[in-house]
Structures are given as C-alpha cells and as structure tokens.
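Student: After the sequence you'll find the predicted model.
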Amino acid sequence: MKKRIGHDRLFKELLETFFGEFVELFFPQVYEAIDLEHIKFLQQEVFTDVTRGDKHRIDILVETSLKGESGIVLVHVENQASAQKDFAERMFIYFSRLYQKHRCRVVPIAVFTYPEKRNEPDRFKLAFPFMSVLDFHFLTLELNKHKWQDYIQSKNPVAAALLSKMGYQKKERVQVKLEFLRMLVRMELDPARMTLLTGFFETYLILNEEEERKLEEEMGKVDEKEAKRMIEITTSWEEKGRVKGIAEGIAEGQASILLRQLKKKFGHMPIEMENRVMTMPIEKLQDLAEAIFDLGTLDEVDNFINR
C-alpha cells in the first residue's frame, strides 16, 4: 500500500507540472478542445463506498473550459497502478459523484501504469434483455502497450519520464535509459523540472551495476558534448538523491514517532491513514505533531492530514 501511495504522489506531481504536455501527447483531441491557458487543479475529492466501507481518493481533477465556450469543464485523470476487476465501475462512480457535486461536463481519463499487458475496458454498461440503461465511456491510456522507440525523438518531457513505464524488454533497459538522458539533454529544462523527470524515471527503471557499466560504454559512443551533458545530469541527480535520502530518513523517523503517539491516543488506526502519515512532508509532520493534543477524534486527524 505504501508503494502505491508513493506512485500516486509521483504521478500527480508529474501531471500537475506537465498537464498540458501530457494531454497533448496522448489525447490530442482533448488538447485541441480544452482551454489549457486557464486551468485550475482542484483539491483531491474523497468518496466513501458505503457498501464496502472503503474510502477512495480521486488522483487528478482539473477545472477548465472548452475553447470558445463559457462554463466549467472538469478533467478527471485516474492513475491505476494495479489490475482491478471492477475498475470501470469505479470510474463511473467517480464520474457520477463529480457530476452530482459540480453539475458540469466531466472528461474521464484512466491511465494504466502496471507492467502486465491486459485488454482494459473503456466503458461501463448496465442493461436488461429488453433495454440499455447505461453505456458510460472513458478515455484510456495503457502505457505498457506503447513502444518506447516511438517517443525518443519527442521533445515532450512527459514522454521522457514515461519511457520508464512503456513496453520494453529486459535487454533494452540500458538503451531506454540512454535515450532518456539524450532526451533530457535536448530539452534543456530548468534544474527543478529536470530533477522531477529524472526522479520519476529512476523510480521505475533502476539499472544494476552491470547495466550501469554498459550505459557508460554506450555514452562513450555518442557525441562528446552530448555525453558530457549526460554525465552532468546523472551526477547532479545522484548528489540530490543523497541529500534527499538523508532528509527522507529524518522525516520517516519523525513519522514513526508520530504514529506511535497517535496510536497511543486513539488506539487502532486505519492502514490508509498510517500510510498517509508515513508519506507526509516533514513540514506537515511538524504541524501535526503540534496539533495532536487538540485533535479529539480520528476524523479530526483525517481532516487535518487532508487539508
């Protein structure tokens, strides 16, 4: 579960930074229709499944409008990191809850990021032998069905990051990493965005020592100027990774202490709440530590974490 939340957080950060580039790359018909000059990321919606007692959090919700039209349009992007039998039904439930709350048109998009190749549905139907009650459609993106070679000439930063989630064979891992670095060199992004893309890629495609040696050999075959820039990018990322690792170690230690205090005060805690505490940034952990004595119920803790 912890890994799942980390994945969702990475994906959310990538799309919030490069939302227009994501839509342009994979959903050009949506890109042409919506006004990307005026977009607003809304707070994540939390829906409770009364029947099962589960809480579900919408991944990405964007408020915009159609070009040349007034009125709000929502774009809902749901990232699915593992196969789920009733996922199409869940997409419909999200859609219906969003429509009920906002009373506007909603563009539903599902992004499947797990490595297994499946034929995922893009609709949810309810029907009787004598009539059709519902035929709900949503847009889909199955990354593992996309060939990474088709994207290496792209200057789209989302294409670079998502090479790590596309369909490639084990023997191609070194080449995928090499082409990712070459894409970054051509893009010439600012350091913050470069770090975001590299961090995302490195989370899902980590080379072993032998593969790293092969990568160095391959880098030696490219243009000297390009190779030098690629080395600068990897060196900068490794240094930032060491600093980040120290910071994350401190945060994880504080989170563990805070969890013990919460359990001592409230007893049992839902696993989802525990995982959210463990992934909170250090600044918010400190705020929660200060507020713990003022929070009287787990619902108040949950509201504090989600605010």
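Tutor: Perfect, thanks for sending it.
Student: Let me see the backbone angles for H76.
Tutor: phi -110, psi 120 (degrees, to the nearest 10).
Student: Quick check: the gap between it and I39.
Tutor: Taking Cβ to Cβ, to the nearest Å as the measure, H76 falls 13 Å from I39. Backbone N, C-alpha and C define where each C-beta goes, glycine included.
Student: Now do the shared contacts for the two.
Tutor: Shared contacts of H76 and I39, defined by Cβ atoms under 8 Å, 6 or more residues apart in numbering, are found at V62.
Student: Looking at those two, which has the bigger crowd around it?
Tutor: H76 (21 against 16; other Cβ atoms under 10 Å).
Student: hey, where'd the helices end up in the stretch 1-150 of the chain?
Tutor: Ranges of helices in the stretch 1-150 of the chain, per DSSP state H, counting those that start in this stretch, are 2-17, 19-26, 28-33, 87-102.
Student: list the contacts for the residue at the greatest distance from the centre of the chain?
Tutor: Most distant residue from the mean C-alpha position of the chain: F130, 41.4 Å away (Cα atoms, centre = their mean). The contact partners of F130, by Cβ under 8 Å, 6+ apart, come to none.
Student: Ramachandran angles for it?
Tutor: Given degrees, to the nearest 10, the pair of backbone angles that F130 has is phi -110, psi -10.
Student: just to revisit the earlier point, and of the helices of the stretch 1-150 of the chain, who's closest to L298?
Tutor: helix 2-17 (18.3 Å; Cβ to Cβ).
Student: pLDDT on that closest one, on average?
Tutor: In this model, helix 2-17 carries a mean pLDDT of 74.
Student: same thing with stretch 289-307?
Tutor: 78.
Student: same question, stretch 104-116
Tutor: 92.
Student: Stretch 137-150 too?
Tutor: Per-residue scores along stretch 137-150 average to 96.
Student: can you check stretch 169-177 too?
Tutor: So the average pLDDT for stretch 169-177 ends up being 94.
Student: mind checking the end-to-end distance for it?
Tutor: 13 Å (Cα to Cα, to the nearest Å).
Student: And for that stretch, what's in contact with it?
Tutor: 148, 163-164, 168, 201, 205, 207, 211, 214-215, 218.
Student: Identify each buried residue in it, please.
Tutor: Judged by neighbour count using 16 or more other Cβ atoms under 10 Å, the buried positions of stretch 169-177 are 173-177.
Student: pLDDT weak spots in the protein?
Tutor: Along the chain, the model assigns pLDDT under 70 to residues 1-6, 49-54, 235-254, 282-283, 286, 290, 293.
Student: Please enumerate the strands of it.
Tutor: Ranges of strands within the chain are 40-41, 46-49, 54-57, 60-64, 73-80, 105-112, 123-128, 131-137, 139-142, based on DSSP state E.
Student: P115 versus E209, what's the distance?
Tutor: Distance from E209 to P115, counting by Cβ to Cβ: 23 Å.
Student: more crowded one of those two?
Tutor: Neighbour count, other Cβ under 10 Å: between E209 and P115, P115 has more, with 12 against 7.
Student: residues contacting that one?
Tutor: Neighbour list for P115: N144 [criterion: Cβ under 8 Å, 6+ apart].
Student: got the phi/psi numbers for it?
Tutor: When read as degrees, to the nearest 10, the backbone of P115 gives phi -80, psi -20.
Student: number of nearby residues for the closest residue to L61 other than its chain neighbours?
Tutor: Of all residues not flanking L61 in the chain, L42 sits nearest, at 4.4 Å (Cβ to Cβ, 6 or more residues apart in numbering). Per other Cβ under 10 Å, the neighbour tally for L42 reads 14.
Student: and L42, backbone torsions?
Tutor: Per degrees, to the nearest 10, the backbone of L42 is at phi -90, psi 160.
Student: For K117, grab the count of nearby residues.
Tutor: The tally of other residues near K117 (other Cβ under 10 Å) stands at 11.
Student: thought it was touching H146?
Tutor: No - counting by Cβ atoms under 8 Å, K117 stays clear of H146, with 11.0 Å between them.
Student: overlap in contacts of these two?
Tutor: Common neighbours of K117 and H146, counting by Cβ under 8 Å, 6+ apart, are G167.
Student: What about the residue lying closest to R9 once chain neighbours are set aside? Give its phi and psi, please.
Tutor: Nearest residue to R9 in three dimensions, chain neighbours excluded: T279, at 6.6 Å (Cβ to Cβ, 6+ apart). When read as degrees, to the nearest 10, the backbone of T279 gives phi -110, psi 10.
Student: And T279, how far from H7?
Tutor: Per Cβ to Cβ, T279 is found 11 Å from H7.
Student: R229 now?
Tutor: Counting by Cβ to Cβ - R229 and H7 are separated by 29 Å.
Student: same check, this time on D86
Tutor: 20 Å.
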